[in-house]
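Visitor: Got a predicted structure here, sequence first:
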Amino acid sequence: MPASPIRPFLAYVGLLVVLGATVAPDAHAETEWVTEAGDILQIALPVIGGVSTFFTNPDPDKTWDKEGTKQFALSYGSAWGTTYVLKFVAGKARPNGNNRTSFPSGHTMSAFSGAAFIDSRYGKVFGIPAYALAAFTGYSRVQSNWHYRDDVLAGASIGMLYAWNFVSPQPGKLALLPTVSAQGIGMTAAVRPGAAGEPIDPGARRAAYSFGFGPAYALTNVAASRGDGGNEFQLTDLDGNNDPTTTAAVAVTVPVSRRGRVSITYGPFEARDVGAFSYDVSFGGADFAAGTPVNSAWRFYDVFVDYEHAVVSGDHWQLGLGAGLGYTYSYTALESQDLTTSAVVDDHVIYPFGIVAPSYYFSNRIGIEARAEGVVIGDNWFYTFVGDLAWRAAQSWDFRLGYSYFGRQIESDTYYNKTRYGIPHLAVTRYW
């Protein structure tokens with residue numbers, strides 16, 4: 001039977017609630033028992049899922065659910081392999097500076113892989129508590145200062161997507177597997193037996209969970225405090241220790257008609273750097289003289305709710321128009337490396353925005369898609385431009401490879417931040 005469309009919402013809401021609880025500037029203060037609990041749960045959840053298959057055969061004359069064991073091995077093994085390939089490729093520095101294996105979170109991947117298996121195999125009576133424990137594991141990785149929020153989103157998404165692919169398998173599901181050869185480390189994508197010739201009907205798709213990630217290149221990032229005599233400074237003038245930084249975003253989409261859909265998107269972005277400015281910086285009431293070694297932290301969190309409607313369409317093309325409401329929280333921190341001087345300034349803004357989304361498909365499976373969204377309200381503005389090469393791998397799966405270019409400006413009585421980033425990305429969407 002098809003996986004219930006409530007599953008992406010259980011995971012998504014859990015991620016939003018848990019990660020939202022860590023937004024405060026002092027959220028990285030470590031609580032030892034929380035960290036230790038996360039360490040245990042990242043092992044306990046997949047162990048419970050895997051071991052349960054030896055005692056849960058639906059046939060009363062048998063004990064071992066061999067098919068369940070196979071599904072668990074495929075989903076968990078694939079998620080594990082993908083996570084550690086990405087850690088090697090991304091080389092993202094951890095927020096605590098310990099090493100460069102921050103993206104994605106292996107603890108969170110493991111916990112969500114186990115939870116998604118339990119949910120997909122045994123139902124929501126067991127799945128909802130499992131997802132709650134997995135979300136707590138993700139929280140533990142942020143509060144312990146071992147991971148950024150987008151690392152946790154990525155780990156959770158990888159674990160869930162593989163479980164949704166392999167558990168209770170149906171024809172037309174996609175396998176994305178890590179490979180190792182003499183030429184290096186890579187990925188292989190293949191549609192499993194049963195998908196050949198399968199017709200794709202996008203209008204028949206129901207709820208969807210999308211996960212996108214890629215390296216974010218800083219084009220400009222100017223910050224300043226207002227009202228205290230602070231001057232503007234360019235965060236990209238530092239050493240670029242985490243530029244580009246690999247980041248991720250997730251979205252849940254629900255069709256409300258054959259032409260209309262509502263989406264909720266969460267995109268946390270965090271970067272830290274070290275270095276020294278060649279000019280004096282006054283920020284948040286603190287002064288940093290030119291040449292002073294500093295640590296910087298910069299972040300923004302985007303939450304978007306939008307509606308898009310296909311206003312016109314042909315055999316191969318479509319034009320979607322829409323509108324939404326966005327919330328952006330932005331934060332900049334500077335600290336001298338001798339810890340004698342520090343400052344934190346943040347702000348948030350809520351704004352409406354418009355959407356234009358044209359697409360053209362060369363065949364039933366391959367096409368190009370574009371999306372532009374943005375708004376200007378006084379001194380605040382926001383825009384995003386996205387171009388994708390899309391592959392409808394099966395009725396339940398889409399892949400997109402493309403480029404995102406976005407800019408933000410927030411200005412208030414206390415804070416100013418203007419940013420522009422470019423992100424080559426890969427996005428995976430699971431439909432129900």
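Guide: That came through fine.
Visitor: pLDDT value on the residue of the chain positioned farthest from its centre, please?
Guide: For the chain, the largest distance from the centre (CA atoms, centre = their mean) belongs to residue 61, which lies 43.8 Å off. Each residue has a pLDDT score; the one for residue 61 is 83.
Visitor: Equivalent analysis for residue 125, please.
Guide: 87.
Visitor: Over to it. Which of the three states is it?
Guide: helix (DSSP: H, G, I helix; E, B strand; the rest coil).
Visitor: For it, give its distance to residue 168.
Guide: The spacing between residue 125 and residue 168, counted by CB to CB, to the nearest Å, is 16 Å. For every residue, glycine as well, the C-beta is placed using N, CA and C.
Visitor: quick one: which of the two has more around it?
Guide: residue 168 (15 against 9; other CB atoms under 10 Å).
Visitor: Next one: the closest residue to that one other than its chain neighbours from residue 109, what distance?
Guide: With CB to CB, 6 or more residues apart in numbering as the measure, residue 120 is the residue that lies nearest to residue 168, at 5.8 Å, once sequence neighbours are left out. Going from residue 120 to residue 109 by CB to CB gives 16 Å.
Visitor: which of the two has more neighbours?
Guide: Legend: neighbour count by other CB under 10 Å for residue 120 and residue 109, higher for residue 109 (32 against 22).
Visitor: Show me the shaky parts of the stretch 151-300 of the chain.
Guide: Of all residues in the stretch 151-300 of the chain, those with pLDDT under 70 make up the ranges 169-198.
Visitor: Pull up the distance across stretch 285-303, start to finish.
Guide: Taking CA to CA, to the nearest Å, the first and last residues of stretch 285-303 lie 30 Å apart.
Visitor: got the buried residues for that stretch?
Guide: Neighbour-count burial for stretch 285-303, counted by 16 or more other CB atoms under 10 Å, picks out 286, 288, 292, 294-303.
Visitor: Residue 136: which of those is nearest?
Guide: Minimum separation from residue 136 among the buried residues of stretch 285-303 (CB to CB) is found for residue 301, which lies at 19.7 Å.
Visitor: Can you tell me what sits against the helix or strand containing residue 49?
Guide: In this structure, residue 49 sits in helix 32-52 according to DSSP states H and E. Contacts of helix 32-52 from elsewhere in the structure, counted by CB atoms under 8 Å, 6 or more residues apart in numbering, are 68-69, 72-73, 76, 106-108, 110-111, 113-115, 117-118, 121-122, 130, 133-134, 136-137, 139-141, 143-144.
Visitor: go with 7 Å
Guide: 72, 76, 107, 110-111, 113-115, 117-118, 130, 133-134, 136-137, 140-141, 143-144 (CB atoms under 7 Å, 6 or more residues apart in numbering).
Visitor: Give the buried residues for the next helix-or-strand element following that helix.
Guide: Counting by DSSP H and E, the next helix or strand C-terminal to helix 32-52 is helix 66-90. Residues of helix 66-90 classed as buried under the neighbour-count rule (16+ other CB under 10 Å) are 68, 71-72, 74-76, 78-87, 90.
Visitor: Also stretch 268-288?
Guide: Of the residues in stretch 268-288, those with enough neighbours to count as buried (16+ other CB under 10 Å) are 268-277, 281-284, 286, 288.
Visitor: End to end on that stretch, go ahead and measure it.
Guide: Terminal-residue distance, stretch 268-288 (CA to CA): 28 Å.
Visitor: quick one: pLDDT of residue 24?
Guide: Per-residue confidence at residue 24 stands at 47 (pLDDT).
Visitor: ok, residue 91 touching residue 100?
Guide: Yes: the criterion here is CB atoms under 7 Å, and residue 91 meets it with residue 100 at 4.6 Å.
Visitor: Give the residues shared as contacts by these two.
Guide: Counting by CB under 7 Å, 6+ apart, residue 91 and residue 100 have no contacts in common.
Visitor: that older thread, check contacts around the residue nearest to residue 168.
Guide: With CB under 7 Å, 6+ apart as the criterion, the residues that contact residue 120 are 3, 163, 164, 167, 168.
Visitor: Just the element for it, please.
Guide: Assigning secondary structure by DSSP H and E places residue 120 in helix 106-122.
Visitor: State the mean pLDDT of that helix.
Guide: Helix 106-122 shows a mean pLDDT of 94.
Visitor: how far out from the middle of the chain is it?
Guide: 17 Å (CA atoms, centre = their mean, to the nearest Å).
Visitor: ok, residue 50 to residue 230 distance?
Guide: Look at residue 50 and residue 230: by CB to CB, they are 55 Å apart.
Visitor: ok, these two, which is more surrounded?
Guide: Under the criterion of other CB under 10 Å, the comparison of residue 50 against residue 230 puts residue 230 first, with 22 against 18.
Visitor: my read is that one is in a helix, agree?
Guide: No: with three-state DSSP as the criterion, residue 230 is located in coil rather than a helix.
Visitor: Quick check, it in contact with residue 283.
Guide: Yes: A contact is recorded between residue 230 and residue 283 when judged using CB under 7 Å, the distance being 5.1 Å.
Visitor: Next up, the contacts around residue 414.
Guide: With contacts taken as CB under 7 Å, 6+ apart, residue 414 has the following neighbours: 225, 226, 227, 345, 347.
Visitor: from memory the first one sits against residue 287, does it?
Guide: No: assessed by CB under 7 Å, residue 225 is found out of contact with residue 287, at 11.6 Å.
Visitor: Okay, now the unreliable bits of the stretch 301-432 of the chain?
Guide: Regions of the stretch 301-432 of the chain meeting the criterion pLDDT under 70 are absent.
Visitor: So what sits opposite residue 296 in the bridge?
Guide: residue 273, residue 334 (DSSP bridges).
Visitor: CA-only coordinates of the helix holding residue 49 in CSV, if you can.
Guide: Backbone C-alpha positions of helix 32-52 (Å, rounded to 0.1, in the frame of the first residue of the first chain) are rendered in CSV as follows:
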residue,chain,number,x,y,z
GLU,A,32,25.4,17.0,28.9
TRP,A,33,22.4,14.7,29.4
VAL,A,34,20.8,15.9,26.2
THR,A,35,24.0,15.1,24.2
GLU,A,36,24.3,11.7,25.8
ALA,A,37,20.6,10.9,25.1
GLY,A,38,21.1,11.8,21.4
ASP,A,39,24.2,9.5,21.3
ILE,A,40,22.0,6.6,22.6
LEU,A,41,19.0,7.3,20.5
GLN,A,42,21.0,7.4,17.2
ILE,A,43,21.9,3.8,17.9
ALA,A,44,18.7,2.6,19.7
LEU,A,45,16.2,3.6,17.0
PRO,A,46,17.7,1.7,14.1
VAL,A,47,18.5,-1.2,16.4
ILE,A,48,14.9,-1.4,17.5
GLY,A,49,13.7,-1.2,13.9
GLY,A,50,16.2,-3.8,12.6
VAL,A,51,15.8,-6.3,15.5
SER,A,52,12.0,-6.1,15.4
